[in-house]
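>>> please work out how this folds:
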Amino acid sequence: MDSQSLSELRRRLDDEAARCGMDRVRVAAAEADAVTRVRLAAAFERGDFATWGFDAQRALAASDPQSILPGARAVICVAVGYDTQPGDRRPPLSGRVSRYAWSRDYHRTLRDALSRLERLLEPYGRARAVCDTAPIAERAFAARSGLGWIGKHTGLIVPGLGAEVFLGEIVTDIPLAPDAPVKKQCGACRRCLDVCPTGALRGDYTIDATRCIADLNQRVDPIPHPLRPLIGDWLWGCDLCTVACPPSRYAPKLERAAFAPAPGLTHYPDLVALLRLHAGEFKRRYRGTAMGWRGAAVLRRNAAVCLGNQLDRAAVPALEQALREDPHPMVRGHVAWALGRIGSPRAIAALAARLETENAPDVRGEITIALGRNHRGG
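Now for the predicted structure:
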């Protein structure tokens, strides 16, 4: 294709992206990024992403678009803002859900839009859309493309949209001209660092994701004891650092139907109801959302932690029932922790009674720790 044809294709691409609801489209060269590879490998070696088991091979693949499409010439990077606002009224014994997870799974929404761009490109060359479907260092390539810059919270900040954006990519062998990077940075701002309860953000543009609330409430094994109180009432995800980011605070608030709460969901879910969530209701309500991929037991565990952190004795009857009846030992263990954290006479009695009948060693350990902490007055 000659330069005029490529310019016309880029114009059509931008127009179609706008029709699909995408806010920004930029292009990066599909060259291997050695700096990103080294940084990713160092992060994996430090154990920053130990929850996910990434290694040096992942760093190699994610930093080179050729691993997705051999012969690639360009990476088309797109951003869609999702900064919708929570409701004003918050019921008692409710948790919080990150804004990205209120709606129908954003992956599906974004993939549908990317598929339309793929079809536009098909007559001119090969193209493969990526939205958490293949290893790619999407924030690094988005920054190279001029979509935005990477902040101290390690997320991408898009001018005019802030840090609350969904990202997607199309890797293609069409030689589209790359765009220039954005010449902006965070400077001395440290609001994201100051607002993070767990100290996951180091301030050097790296993150210990094993301390990040959004990572903690997605893991499928027990949440470490010292970090449970720091999760607060975040049932799923966490918005603290992105909402505190000044470009997010000053960006226009978006009211998009695609990112509004899905039917049956709310900004502030009922934690007691979630504590009783079982497979049928989980599939009906959550499987089509970004909260659905880890399963019902993870949501019940998270609900128990949030209830424990609210220190409200009104939650004790539901926790007491869950300690007796929940089929998953991990959930029962976190319920025991929550009862111990509340520490009321009824909560302590429930723990002592369950210790007599509980067979799972890990749960017995959690009950023993909870009882010991209350015996010491801790």
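
>>> switch to C-alpha atoms for all contacts and neighbour counts from now on
Noted.

>>> tell me how the protein divides into domains.
1-86+102-225, 226-375 (automatic domain parsing).

>>> closest to P92 out of those domains?
Shortest distance between P92 and those, using Cα to Cα, is found for domain 226-375: 8.1 Å.

>>> name the helices or strands packed onto the one helix or strand I369 maps to?
Using DSSP states H and E, I369 maps to helix 361-375. Helix 361-375 sits against helix 329-342, helix 345-355, with contacts defined as 3 or more Cα pairs under 8 Å, 6 or more residues apart in numbering; DSSP states H and E.

>>> pLDDT of the shortest one, averaged?
This points to helix 345-355. Averaging pLDDT along helix 345-355 yields 97.

>>> can I assume I76 is in contact with L167?
No: using Cα atoms under 8 Å, I76 is not in contact with L167; the gap is 10.6 Å.

>>> which of the two has more neighbours?
For the pair I76 and L167, the greater number of neighbours falls to I76 (25 against 22), based on other Cα atoms under 10 Å.

>>> quick one: contacts for the more buried one?
Residues near I76 by Cα atoms under 8 Å, 6 or more residues apart in numbering: 25-28, 169-172.

>>> and which of these is nearest to I367?
Using Cα to Cα, the contacts of I76 come closest to I367 at E169, 47.2 Å.

>>> now do the SS call for that closest one.
Secondary structure state of E169, per DSSP: H, G, I helix; E, B strand; the rest coil, is strand.

>>> which SSE is the nearest residue to it once chain neighbours are set aside in?
Distance criterion Cα to Cα, 6 or more residues apart in numbering; nearest residue to E169, sequence neighbours excluded, is C77 at 4.6 Å. Following DSSP H and E, one finds C77 within strand 74-81.

>>> quick one: distance of the helix holding I369 to the chain centre.
On the basis of Cα atoms, centre = their mean, to the nearest Å, helix 361-375 sits 31 Å off its chain's mean C-alpha point.

>>> and that helix, which residues are buried?
By 16 or more other Cα atoms under 10 Å, the buried positions in helix 361-375 come out as 363-364, 366-368, 370-371.

>>> columns distance to E122 and pLDDT on top of those residues, output as JSON lines?
Below are the buried residues of helix 361-375 laid out as JSON lines (distance: Cα to Cα, whole Å; pLDDT from 0 to 100):
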{"residue": "V363", "distance to E122": "55", "pLDDT": "98"}
{"residue": "R364", "distance to E122": "59", "pLDDT": "97"}
{"residue": "E366", "distance to E122": "56", "pLDDT": "97"}
{"residue": "I367", "distance to E122": "59", "pLDDT": "97"}
{"residue": "T368", "distance to E122": "62", "pLDDT": "97"}
{"residue": "A370", "distance to E122": "60", "pLDDT": "96"}
{"residue": "L371", "distance to E122": "64", "pLDDT": "95"}
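
>>> and of those, the nearest to V298?
Looking across the buried residues of helix 361-375 and measuring by Cα to Cα, the closest to V298 is V363, at 15.7 Å.

>>> against K152, how distant is the closest one?
Distance of V363 to K152, given as Cα to Cα, to the nearest Å: 38 Å.

>>> try I367
I367 is 39 Å from K152, by Cα to Cα.

>>> likewise for R37?
Counting by Cα to Cα, the gap from R37 to K152 is 19 Å.

>>> who has more neighbours out of the two?
K152 (25 against 21).

>>> hmm, L201 and the more buried one touching each other?
Yes: counting by Cα under 8 Å, K152 does reach L201; the two are 7.4 Å apart.

>>> overlap of the contact sets of those two?
192-193.

>>> contacts for the lowest-mean-pLDDT helix or strand in the chain?
Of all regular secondary-structure elements in the chain, judged by mean pLDDT, DSSP states H and E, the least confident is helix 279-286 with a mean of 86. By Cα under 8 Å, 6+ apart, the residues outside helix 279-286 that reach it are 263-265, 292, 295-296.

>>> check stretch 171-180 too.
Contacts of stretch 171-180 (Cα under 8 Å, 6+ apart): 6, 10, 26-30, 65, 68-69, 71-76, 124-130, 144-146.

>>> any of those buried? List them.
6, 10, 26-30, 65, 68-69, 72-76, 126-130, 144-146.

>>> the residues you listed in helices, which ones?
Judged by DSSP state H, the subset of the buried ones among the contacts of stretch 171-180 located in helices is 6, 10, 144-145.

>>> could you tell me the angle between the helix holding I369 and helix 329-342?
Comparing the axes of helix 361-375 and helix 329-342 via axes from the mean of the first three to the mean of the last three Cα atoms, to 10 degrees yields an angle of 0 degrees.
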